[in-house]
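# After the sequence you'll find the predicted model.
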Amino acid sequence: MSRLVMKFGGTSVANIERIRNVARHVKREVDAGHEVAVVVSAMSGKTNELVAWCTEASPMHDAREYDAVVASGEQVTSGLLAIALQGMGIQARSWQGWQIPIKTSDAHASARIVDIDGSEIINRFKERKEVAVIAGFQGINPETNRITTLGRGGSDTSAVAIAAAVKADRCDIYTDVDGVYTTDPRIVPKAKRLDKIAFEDMLELASQGAKVLQVRSVELGMVHNMPIFVRSSFDKPEDIDPHANQPPGTLICGEEEIMENHVVTGIAFSKDEAQISVRQIEDKPGVAASIFGPLADANINVDMIVQNVSEDGKTTDLTFTVPAADYTRAKDTITAAKATIGYARLDTATDVAKISVIGSGMRSHAGVAAQAFSALAGRNINIRAITTSEIKFSVLIDTAYTELAVRTLHTLYGLDQA
């Protein structure tokens, strides 16, 4: 017997029929003798609707009341799933974040989990054989006693945190895809599903544009060494053997559990990028701080940074990228600080994409990035900027070449046959 946390996203609980399908997945695991907690998102599209209502009521709304409104989506889903399970003869009850409680910081709309008391859920596993159906995405700030939400994708984070709190054997993330692929199959039809991937590699994939999992959920899994299994909720529940060592999906686990490490695990890409180049700045100590300090104060995340010094060493150009959603704010912030920075010109571009090549195997293999640069040059793809780390490198290119670049690199590293 195992203790499992099962998480279902918005498309998996989009209507009553799909909620019944989720209930059948849960029943399969209960019938196999497992202790089960289920974490659910709001029905597909419901959170967007609730957010739109808040904005319509008042564009400058109170973040505390925003959380009270948007947290209701998961409350509905958890109650409906508990009803569906009870209708199948399974002992179940719904839990809201504040009832467990899931204690969080007071950063409304983007709170972080501080502590979870899983003792009552564990007691009910043992005493009542009860399935806990938990509203994801939400918690409570103990100091203000107000409902908080964890930000977009927060249900994934809730699920992994709850799995750690109840000492689960595994956290299963059910979604609308059947695992983690070497890249987006819509871009590269030859993309392969990975049976296993290390936490570190998954963290890089998620942070560089892969949409399968929320970054914080992978971080939590790595910190608590909690295996995360990504699988499809659209597989027929009755076709899955709950006793199988590994049903269809991808296991995210410690690197030591993966027998063979490929040099490159996957290719991620993001078109939601903007490039800003600050030209002819005086090359002196503190100039970088004068640029990135105001951006940090504006809560704008900077990613790729490239600095070029002129031949005479007197001036420098500094190029960096920001999320496309922050482009206008970033540009305005730099413009407002022009007197302090002392630059001659500001060049910007929004038609750029970031391609990232990720793999733990890079640690022990030289020349991995050089192969990519050569292959992209062979396709006449110009590289605007480059960043590297121990297990990843990223290149910034024109958006028009995104698909060609991803396909070229996917083939280059043998992922077509992975």
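Okay, I see it.

# For the longest strand that the chain contains, name the packing helices and strands.
Counting by DSSP state E, the longest strand found in the chain is strand 266-282. Applying 3 or more Cβ pairs under 8 Å, 6 or more residues apart in numbering; DSSP states H and E, one finds that strand 266-282 contacts helix 199-207, helix 287-297, strand 315-323, helix 327-336, strand 345-358, helix 402-412. The C-beta positions use only the backbone N, C-alpha and C, and glycine is treated the same way.

# quick one: contacts of the fourth one?
In other words, helix 327-336. Helix 327-336 has contacts (Cβ atoms under 8 Å, 6 or more residues apart in numbering) with 274, 276, 278, 291, 294-295, 298, 300, 322, 341, 346, 348, 350.

# one step back: adjacent strands (with direction) for the longest strand of the chain?
Each strand that pairs with strand 266-282, with its direction, by DSSP bridges: strand 315-323 (antiparallel), strand 345-358 (antiparallel).

# mean pLDDT lowest for which of the ones you listed?
Lowest mean pLDDT within the strands paired with strand 266-282: strand 315-323, at a mean of 91.

# Output that strand as PDB - backbone C-alpha positions only.
The C-alpha coordinates for strand 315-323 follow below in PDB (Å, rounded to 0.1, in the frame of the first residue of the first chain):
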ATOM      1  CA  THR A 315      32.100  53.100 -23.200                       C
ATOM      2  CA  THR A 316      30.100  49.900 -23.100                       C
ATOM      3  CA  ASP A 317      26.900  48.500 -24.500                       C
ATOM      4  CA  LEU A 318      24.700  46.400 -22.300                       C
ATOM      5  CA  THR A 319      22.000  44.100 -23.700                       C
ATOM      6  CA  PHE A 320      19.500  42.100 -21.700                       C
ATOM      7  CA  THR A 321      16.100  40.400 -22.000                       C
ATOM      8  CA  VAL A 322      12.900  40.800 -20.000                       C
ATOM      9  CA  PRO A 323       9.500  39.000 -20.200                       C
END
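
# what separates that strand from the chain centre, distance-wise?
Distance, stretch centre to chain centre, for strand 315-323: 26 Å (Cα atoms, centre = their mean, to the nearest Å).

# circling back: and of the contacts of helix 327-336, the nearest to residue 94?
Ranked by distance to residue 94 (Cβ to Cβ), the contacts of helix 327-336 are led by residue 300 at 38.5 Å.

# which residues are contacting the helix-or-strand element of the chain with minimal mean pLDDT?
The weakest-scoring helix or strand in the chain, judged by mean pLDDT, DSSP states H and E, is strand 305-309 (a mean of 84). The contact list for strand 305-309 (Cβ under 8 Å, 6+ apart) reads 283, 288, 315-320, 385-387.

# List buried residues within the residues you listed.
Buried members of those, scored by 16 or more other Cβ atoms under 10 Å, are 283, 288, 315-320, 385, 387.

# what pairs with the least confident helix or strand of the chain, and is each one parallel or antiparallel?
Applying DSSP bridges, strand 305-309 is found paired with strand 315-323 (antiparallel).

# orientation of the strand it pairs with relative to helix 327-336 in degrees?
150 degrees (axes from the mean of the first three to the mean of the last three Cα atoms, to 10 degrees).

# give me every residue that touches residue 251.
Contact analysis of residue 251 by Cβ under 8 Å, 6+ apart lists 195-197, 227-229, 257.

# re the thing from before, how about the longest strand of the chain, which residues are buried there?
Neighbour-count burial for strand 266-282 [16+ other Cβ under 10 Å]: 266-270, 273-278, 281.

# ok, now stretch 44-59?
Of the residues in stretch 44-59, 44, 46-47, 50-51, 54 count as buried by neighbour count, 16+ other Cβ under 10 Å.

# Could you find the closest non-adjacent residue to residue 7?
The shortest distance from residue 7 to any non-neighbouring residue, by Cβ to Cβ, 6 or more residues apart in numbering, is to residue 159 (3.6 Å).

# wait, what's in contact with the one you found?
Residue 159 sits next to 5, 7, 39, 136, 171, 173, 217 when contact means Cβ under 8 Å, 6+ apart.

# Much appreciated, bye for now.
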